[in-house]
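K.L.:
Show me the folded form of this:
(one chain, ligands or ions: 1)
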Amino acid sequence: MVTGGTRGIGRAIAETLAIAGAGVAICGRTQDNVENAVRQITNKSKSKVVGKVADVRSSTEVSGFFEYVDRELGQIDIVVNNAGVGIFKSAAELSVEEWQKTLDTNLSGVFYCSKEALQRIRNRGGYIINISSLAGKNAFAGGAAYNASKFGLNGLSEAIMLDHRNENVKVSYILPGSVATDFSSSSGGEKWKIAPGDIADIVLMLLKTPTRTLISRVEVRPSKPGK
Ligand SMILES: NC(=O)c1ccc[n+]([C@@H]2O[C@H](COP(=O)([O-])OP(=O)(O)OC[C@H]3O[C@@H](n4cnc5c(N)ncnc54)[C@H](OP(=O)(O)O)[C@@H]3O)[C@@H](O)[C@H]2O)c1
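P.N.:
Modelled structure (predicted):
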């Protein structure tokens with residue numbers, strides 16, 4: 001399962017996992033985006049690819065997404081918590097709604113999905129991979145909500161890892177720097193940025209790590225950042 005698999009990093013992860021042979025389920029907030037992505041990923045792989053409209057800010061919609069995937073794919077082994085939003089304003093300028101949208105998506109959404117995942121993979125075994133950000137360790141001006149959500153996500157990821165690693169549950173979190181997606185207005189296209197597929201390859205690398213070994217935190221940077 002990849003949350004927010006309709007475009008950007010989540011889409012690249014969904015494609016890479018499907019091409020590697022996994023059945024894949026994605027979600028997003030609109031029917032059109034989900035349908036288009038499912039069709040395009042299906043065309044690139046031989047795996048079963050399904051999708052459902054689900055807003056990770058709603059624990060009810062998250063439960064419905066997991067039940068849908070139980071029915072469609074049979075067993076959930078890997079959950080990639082990727083869905084995220086970035087609203088970049090100072091605390092003074094940020095509205096309460098913008099604060100809540102950021103925290104609800106980037107942090108509470110991951111909690112809801114992880115809780116559903118844990119009900120299924122505890123003891124049987126499985127993997128939760130959270131897409132955090134270098135903004136989860138480096139605060140910056142205009143990052144009040146985004147920094148708070150990603151700093152929080154790192155703590156949540158480590159606590160879940162410590163609580164459940166003896167129950168055959170692996171938890172990793174990835175902290176990318178700038179990735180070439182539509183995520184923020186300045187994000188499009190610059191050649192120096194990390195490609196979404198590079199993050200997808202890191203997800204695959206984590207999944208291929210021997211059972212006895214856990215890479216819990218991965219920091220990823222552009223090797224030659226723009227000046
Ligand atoms: N791009 C970067 O430079 C960068 C760097 C570090 C970390 N990240 C993190 O990487 C993740 C993906 O970012 P991206 O750059 O790929 O962004 P993106 O291109 O804007 O894609 C975001 C994805 O999340 C989905 N989404 C957003 N809110 C959602 C919600 N409430 N419920 C379900 N799905 C939702 C979107 O789907 P719909 O719009 O179809 O609903 C879309 O599929 C985020 O967590 C972000 O914080 C990005």
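
K.L.:
Surely Ile19 touches Thr42?
P.N.:
No - using Cβ atoms under 8 Å, Ile19 is not in contact with Thr42, being 11.3 Å away. From N, CA and C alone the C-beta is placed, and that goes for glycine too.

K.L.:
Distance of the residue of the chain most remote from its centre relative to the ligand?
P.N.:
Distance from the C-alpha centroid of the chain, by Cα atoms, centre = their mean, peaks at Ala92 (28.6 Å). Applying Cβ to the nearest ligand atom, to the nearest Å, the value for Ala92 to the ligand is 23 Å.

K.L.:
quick one, what contacts that residue?
P.N.:
Not one residue lies near Ala92 by Cβ atoms under 8 Å, 6 or more residues apart in numbering.

K.L.:
measure the most centrally placed residue in the chain to Pro176 for me?
P.N.:
The centroid of the chain falls nearest to Asn82 when counting by Cα atoms, centre = their mean (1.4 Å). Per Cβ to Cβ, to the nearest Å, Asn82 is found 11 Å from Pro176.

K.L.:
Quick one: name whatever helix or strand follows the longest strand seen in the chain.
P.N.:
Longest strand in the chain, counting residues (DSSP state E): strand 169-176. As assigned by DSSP states H and E, the chain's next helix or strand after strand 169-176 is helix 196-208.

K.L.:
Show me which positions of the helix or strand that that following helix is followed by end up buried.
P.N.:
Going down the chain from helix 196-208, the next helix or strand is strand 217-220, by DSSP H and E. For strand 217-220, burial by neighbour count (16 or more other Cβ atoms under 10 Å) applies to Arg217, Val218, Val220.

K.L.:
same question, stretch 220-227
P.N.:
Using 16+ other Cβ under 10 Å as the burial criterion, the residues of stretch 220-227 that qualify are Val220, Pro222.
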